[in-house]
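Engineer: compute the structure for the input listed below.
(one chain, ligands or ions: 3)
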Amino acid sequence: MSWSLKIFNKFPINLSSSIHARAFNSKAIGILGVPFDKGAGTRGTDKGPNALREAGLIDEIKHISSNIDVKDYGDVHYELMNTNGRKIHNLNDLSDVAACNKALADQVEKIIKDNRMPITLGGCHSIAIGSISGVLRTTTPDNLCILWVDAHLDLNTNTTSPTGNMHGMPASLLVKELRSNWPTIPELEWCKADLSLRNFCWIGLRSIDYYERIMMEQYGIKYFDMRDIDRMGIDKVTNAALKAINPNGDRQLHVSFDIDSLDPLFANSTGTPAGAGLTLRECLFLMEEVHRSGTLSSMDLVEVNPLVGDVRDVTNTLNSAKAIVCAAIGSNRSGNSS
Ligand SMILES: NC(=[NH2+])NCCC[C@H](N)C(=O)O
Ligand SMILES: [Mn+2]
Ligand SMILES: [Mn+2]
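Structural biologist: Ligands and ions are numbered 1, 2, ... in the order given. Alright, predicted model coming up:
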């Protein structure tokens, strides 16, 4: 099939060739919890990592296949600054966000140096700052591409953010194009991430702030929002997204997965839910394809908030989150034979 995205008036991609699998997928996994919620306006994502463990995540990973080797590194430790919501430069709890992410970057780097694929369990989405910074210490910005699965763009800067919540800003702290839009922030001096927006693609967008929309147009950001998914279907979207950021299949892939990309039917226990989202089936397909691409090198699963909703909501959200992580590392709805 030769079919080009041009017909949708987006960036041109030729879908005729399949993604070249590269043997990056690691059978050795390192799980890291980040019980941190201060980048969000709603409390409770700090309970995410333990809720996932108590729901049996580690055992479910072990059961995917006999050659998966998973190690739980426990939780990131950092010194709480206890600045009680103090706002600097319109950044809520900046000192805590900075301190937690600095410790997280060190830990992610260590897991990679242990030859394991880090899977970081949030926590709010601000933790992508530390997680991706850690990955970038082990590779070059050119060699890393990012799939951001989210209802939100999370590309605000301190001046564009309507809330001051740093979980709405991680992507913008990681890209060089927006560097000059940020003031000098001593607490974040260690964050030297130098990715290009061209190496990012978003999937699942449906809640975009005014200035974020302007930036999307100004920088020609690559994305497939819910409208694109409605038009094209998740199969074409997934493969076009992977091609867009990794045309030759020779880059390593980081997936930053925000559970609020899912429709609240499947993941209501999250602080900033947005209706009319991805189904669990679409997410499983997406992550199965990510696995099949052979390029996945690291992943975040963020914004699970067990304090939101009733018991049923929490159970559904945890089940969705576990299934998404497992699909990313090889659990297959068509069955696993090893
Ligand atoms: N990771 C998230 N859930 N982000 C939600 C961000 C919401 C909004 N755009 C903000 O900047 O506050
Ligand atoms: Mn989100
Ligand atoms: Mn997010």
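Engineer: which residue ranges of the stretch 1-150 of the chain form strands?
Structural biologist: Using DSSP state E, counting those that start in this stretch, the strands of the stretch 1-150 of the chain run over 28-34, 69-75, 87-88, 91-92, 117-122, 144-149.
Engineer: please give the element, helix or strand, for Lys192.
Structural biologist: For Lys192, there is no helix or strand it lies in under DSSP states H and E.
Engineer: quick revisit: want to throw the strands of the stretch 1-150 of the chain into TSV with mean neighbour count and distance to ligand 2?
Structural biologist: All C-beta atoms are positioned from the backbone trio N, CA, C, and that covers glycine. Formatted as TSV, those follow (neighbours: other Cβ atoms under 10 Å; distance: least, Cβ to the ion, whole Å):
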stretch	mean neighbour count	distance to ligand 2
strand 28-34	23	16
strand 69-75	16	22
strand 87-88	14	21
strand 91-92	23	16
strand 117-122	28	11
strand 144-149	25	9
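Engineer: and Leu265, helix, strand or coil?
Structural biologist: Per DSSP: H, G, I helix; E, B strand; the rest coil, the secondary structure class of Leu265 is coil.
Engineer: count of neighbours near it?
Structural biologist: Counted with other Cβ atoms under 10 Å, the neighbours of Leu265 add up to 13.
Engineer: show me what contacts it?
Structural biologist: 279, 316 (Cβ atoms under 8 Å, 6 or more residues apart in numbering).
Engineer: ok, so what distance separates it from Pro183?
Structural biologist: 41 Å (Cβ to Cβ, to the nearest Å).
Engineer: what's the distance between whatever residue of the chain ends up closest to ligand 1 and Tyr73?
Structural biologist: Nearest to ligand 1, among the residues of the chain, is Gly168, at 2.3 Å (Cβ to the nearest ligand atom). For Gly168, the distance to Tyr73 (Cβ to Cβ) stands at 27 Å.
Engineer: in this protein, which spans are helices?
Structural biologist: Counting by DSSP state H, one finds helices in the chain at the ranges 48-54, 57-62, 94-113, 128-136, 170-174, 210-219, 226-232, 234-245, 280-293, 311-328.
Engineer: for the stretch 201-338 of the chain, give me the ranges with low pLDDT.
Structural biologist: Within the stretch 201-338 of the chain, no stretch has pLDDT under 70.
Engineer: please redo it, this time with the cut-off set to 90
Structural biologist: Within the stretch 201-338 of the chain, the stretches with pLDDT under 90 are 337-338.
Engineer: rewinding a little: let's have the helices of the chain in CSV, adding distance to ligand 3 and mean neighbour count.
Structural biologist: Output for the helices of the chain, formatted as CSV (distance: least, Cβ to the ion, whole Å; neighbours: other Cβ atoms under 10 Å):
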stretch, distance to ligand 3, mean neighbour count
helix 48-54, 13, 21
helix 57-62, 20, 17
helix 94-113, 14, 22
helix 128-136, 8, 27
helix 170-174, 7, 27
helix 210-219, 12, 14
helix 226-232, 15, 16
helix 234-245, 16, 21
helix 280-293, 14, 21
helix 311-328, 14, 20
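Engineer: ok, which of these comes nearest Pro273?
Structural biologist: Ranking the helices of the chain by proximity to Pro273 (Cβ to Cβ) places helix 311-328 first, at 9.8 Å.
Engineer: what does the closest one rub up against?
Structural biologist: With Cβ under 8 Å, 6+ apart as the test, helix 311-328 has contacts from 51-52, 55-57, 60-61, 64, 119, 255, 257, 259, 262, 265-270, 280, 283-284, 287-288, 290-291, 296, 299, 301, 304-306, 308-309, 331.
Engineer: the same query, at a cut-off of 7 Å, please.
Structural biologist: Where contact means Cβ atoms under 7 Å, 6 or more residues apart in numbering, the residues beyond helix 311-328 that reach it are 51-52, 55, 57, 60-61, 64, 119, 255, 257, 259, 262, 266-270, 280, 283-284, 287-288, 290-291, 296, 299, 301, 304, 306.
Engineer: for Gly271, which non-adjacent residue is spatially closest?
Structural biologist: Excluding the flanking residues, the one nearest Gly271 by Cβ to Cβ, 6 or more residues apart in numbering is Thr42, at 3.4 Å.
Engineer: in this structure the one you found contacts Glu303, no?
Structural biologist: No: between Thr42 and Glu303 there is no contact under Cβ atoms under 7 Å: 9.6 Å.
Engineer: nothing else from me, thank you.
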